[in-house]
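**Student:** The sequence isn't on hand, but the structure is:
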DNA sequence: TTGACTTGGATAGTGCTACTCGCCATTATT
DNA sequence: AATAATGGCGAGTAGCACTATCCAAGTCAA
């Protein structure tokens, strides 16, 4: 399989494949001559995986590379597997972050903070800090219910790890952790709409007045370079020409 | 209060405040002369809110602007309130997204898809698609448990909306929806670490071998350039870079 | 009053990321 | 032989969130 066929098979432009090769996200093909290399099914699968991580999960190329390297060099401990995944989605915290509020909560929920790495605790602390600096104080009971729900999610996560193959387990843990995040967030929004609909009635959520740029700017999934009609929901005439955002 | 004092009060550089003013995230101060304006407490609060949305929640400036505008011009229907928040965190889906898989799931869970906007359905569909294109098929039972948990989250969300003031309700819904997302994700990771720790034992998650760049690239607070010992979990020395095509 | 300092407003530049383009000698294909 | 494609590489681009600089007009302390 040549690079153009690889591109056709995955919908990823040739230039982008070359970029991933350069960035060591994708392993080299088998060189058959100075200007020819052969790619195979493993490249197709890897490329799809990369697009899922970069697109759907919103990982940076650097984080994707590290995660893939972690997948290739599995740590011995099953527990450290989580580290590979979590490092990809948790930004390292500076020394100045005060994790005490997070640790208070962990204790409150009976979660052993020894099991938790500092970056994740800092992520919780920072998220809570953002909430309160926005002037929004959540009732403790609400936080408890969040914790309860996420604990249930985590138990389902860990309980679903396949036990037959170590490699399958690894894939499940690492990819599942990262790629499920957008699933959960989408589910929450849908559930909110449902609960709100049941409780308050009213019409369905109306379409966006303008296509708001979401927090993950890059393209969603393997989108062929089909720069189709700019948009369907864009109302105003001053729409920029070269939208091509495809969502 | 002058702009430099506003900067001092919030920790946001003057140049950045000017930028937010230009971008209409922050309302203008009261002009007292051609080169002087007075800012007040509302600017301090707004600025903190902006930083929480842009920093903690990871919204783009454009999404933040729309969300703030939505907060300022509340829709009549309580249900449409959710739309304001959800549009800020949901990227608009192209026409080419197939939402059928998501709708199947909604039906399976007894969620009324009439209550759900298309973009959110598409977000779920795309997230699931990313999962499967990464070669990871989740057991349906696992998805069900996710749905159950997120339903519980949503019920807690909606049930906690303050009823005394319409404005408080609006703030709660819009900001809570957006700013709680990182809280939930952090909680899931911490819970996973806990469950994994209990189940598999082993040491706590070790610090990152390298400071992996997270998916939200902007540094929260400068990380000291502490390039410490190479690794704690990396197994082999001659780590084969691209084995295990993981695809 | 004077002179250093600050401000609003505007334009331009920066650093970063994820691509995207163009070139070229070298094959492969026809 | 003629045409097209490829690997490899350097450079260019677009978008984003700032950041820096400039300037005329104003403020404030002495």
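**Tutor:** Received the coordinates, thanks. Computed from a predicted model, the values in this text were never measured in an experiment.
**Student:** and the helix or strand hosting residue A:195, anywhere near DNA strand C?
**Tutor:** Secondary structure assigned from DSSP states H and E places residue A:195 in helix A:166-200. No: using CB under 7 Å from any atom of the strand, helix A:166-200 stays clear of DNA strand C, coming no nearer than 13.9 Å. To be clear about C-beta, it is placed using only N, CA and C from the backbone, and glycine gets the same treatment.
**Student:** is that helix up against chain B anywhere?
**Tutor:** Yes: using CB under 8 Å from any CB of the partner chain, we find that helix A:166-200 touches chain B at A:167, A:171-172, A:175-177, A:179-200.
**Student:** ditto for stretch A:93-107
**Tutor:** Yes: Stretch A:93-107 reaches chain B (CB under 8 Å from any CB) through A:93-97, A:106.
**Student:** residue boundaries of the helices in chain A?
**Tutor:** Here chain A has its helices, by DSSP state H, at A:3-10, A:14-22, A:41-51, A:61-72, A:78-89, A:100-108, A:118-133, A:140-159, A:166-200.
**Student:** Could you single out the most deeply buried of these?
**Tutor:** The highest mean neighbour count among those, using mean count of other CB atoms under 10 Å in any protein chain shown, belongs to helix A:78-89: a mean of 25.
**Student:** name the helices or strands packed onto that one?
**Tutor:** Contacts defined by 3 or more CB pairs under 8 Å, 6 or more residues apart in numbering or on different chains; DSSP states H and E place helix A:78-89 against helix A:61-72, helix A:118-133, helix A:166-200, helix B:166-200.
**Student:** quick one: average pLDDT of the last one?
**Tutor:** The average of the pLDDT scores along helix B:166-200 is 94.
**Student:** mind listing what residue A:4 touches?
**Tutor:** Contact partners of residue A:4, counting by CB atoms under 8 Å, 6 or more residues apart in numbering or on different chains, are residue A:14.
**Student:** go again using 10 Å as the cut-off
**Tutor:** Taking CB atoms under 10 Å, 6 or more residues apart in numbering or on different chains, we find residue A:4 in contact with A:14, A:17.
**Student:** Got the domain ranges for chain A?
**Tutor:** According to automatic domain parsing, chain A comprises the domains A:1-56, A:57-200.
**Student:** quick one: is the last one near DNA strand D?
**Tutor:** No: in terms of CB under 7 Å from any atom of the strand, no part of domain A:57-200 sits within range of DNA strand D; the closest distance is 11.6 Å.
**Student:** Distance from the chain centre to that domain, please.
**Tutor:** The chain centre lies 11 Å from the centre of domain A:57-200; the measure is CA atoms, centre = their mean, to the nearest Å.
**Student:** Could you dump the helices and strands packed on helix A:78-89 into JSON lines with distance to residue B:156 added?
**Tutor:** Shown next, in JSON lines, are these (distance: least, CB to CB, whole Å):
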{"stretch": "helix A:61-72", "distance to residue B:156": "31"}
{"stretch": "helix A:118-133", "distance to residue B:156": "15"}
{"stretch": "helix A:166-200", "distance to residue B:156": "10"}
{"stretch": "helix B:166-200", "distance to residue B:156": "10"}
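**Student:** now the angle between helix A:166-200 and the least confident helix or strand in chain A by mean pLDDT, please.
**Tutor:** Within chain A, no helix or strand scores below helix A:78-89, which has a mean of 86 by mean pLDDT, DSSP states H and E. Relative orientation of helix A:78-89 and helix A:166-200, computed by axes from the mean of the first three to the mean of the last three CA atoms, to 10 degrees: 60 degrees.
**Student:** Helix A:78-89 versus helix A:61-72: what angle between them?
**Tutor:** Using the same axes, to 10 degrees: helix A:78-89 against helix A:61-72 is 170 degrees.
**Student:** and helix A:78-89, is it in reach of DNA strand C?
**Tutor:** No: figure legend: helix A:78-89 not in contact with DNA strand C (CB under 7 Å from any atom of the strand); closest approach 11.7 Å.
**Student:** now that helix and helix A:118-133, what's the angle there?
**Tutor:** If you take the same axes, to 10 degrees, helix A:78-89 sits at 40 degrees to helix A:118-133.
**Student:** Okay, angle between helix A:78-89 and helix A:140-159 too, please.
**Tutor:** Angle between the axes of helix A:78-89 and helix A:140-159 is 120 degrees (criterion: the same axes, to 10 degrees).
**Student:** Nearest residue to the middle of chain A?
**Tutor:** Closest residue to the average C-alpha location of chain A: residue A:57 at 2.3 Å, with CA atoms, centre = their mean.
**Student:** which residues touch that residue?
**Tutor:** Residue A:57 makes contact with A:63-64, A:67, A:88-89, A:175, A:177-182, A:216, B:127, B:130-131, B:134, B:215, according to CB under 10 Å, 6+ apart.
**Student:** nearest to residue B:72, of the residues of stretch A:93-107 next to chain B?
**Tutor:** Distance to residue B:72, by CB to CB, is smallest for residue A:97 among the residues of stretch A:93-107 next to chain B, at 32.0 Å.
**Student:** Without its sequence neighbours, what residue ends up closest to the closest one?
**Tutor:** In this structure, residue A:97 finds its nearest non-sequential neighbour in residue A:122, 4.3 Å apart by CB to CB, 6 or more residues apart in numbering or on different chains.
**Student:** Touching, that neighbour and residue B:182? I think so.
**Tutor:** No: applying CB atoms under 10 Å, one finds residue A:122 not in contact with residue B:182, separated by 11.5 Å.
**Student:** what's the overlap in contacts for those two?
**Tutor:** Counting by CB under 10 Å, 6+ apart, residue A:122 and residue B:182 have no contacts in common.
**Student:** Could you verify my assumption that residue A:56 touches residue B:124?
**Tutor:** No: distance between residue A:56 and residue B:124: 11.1 Å, which falls outside the contact criterion (CB under 10 Å).
**Student:** shared neighbours of those two, which are they?
**Tutor:** Contact criterion CB under 10 Å, 6+ apart; residues shared by residue A:56 and residue B:124: A:182-183.
**Student:** related to what we said a few turns ago, of the helices of chain A, which approaches residue B:17 most closely?
**Tutor:** Shortest distance between residue B:17 and the helices of chain A, using CB to CB, is found for helix A:118-133: 16.0 Å.
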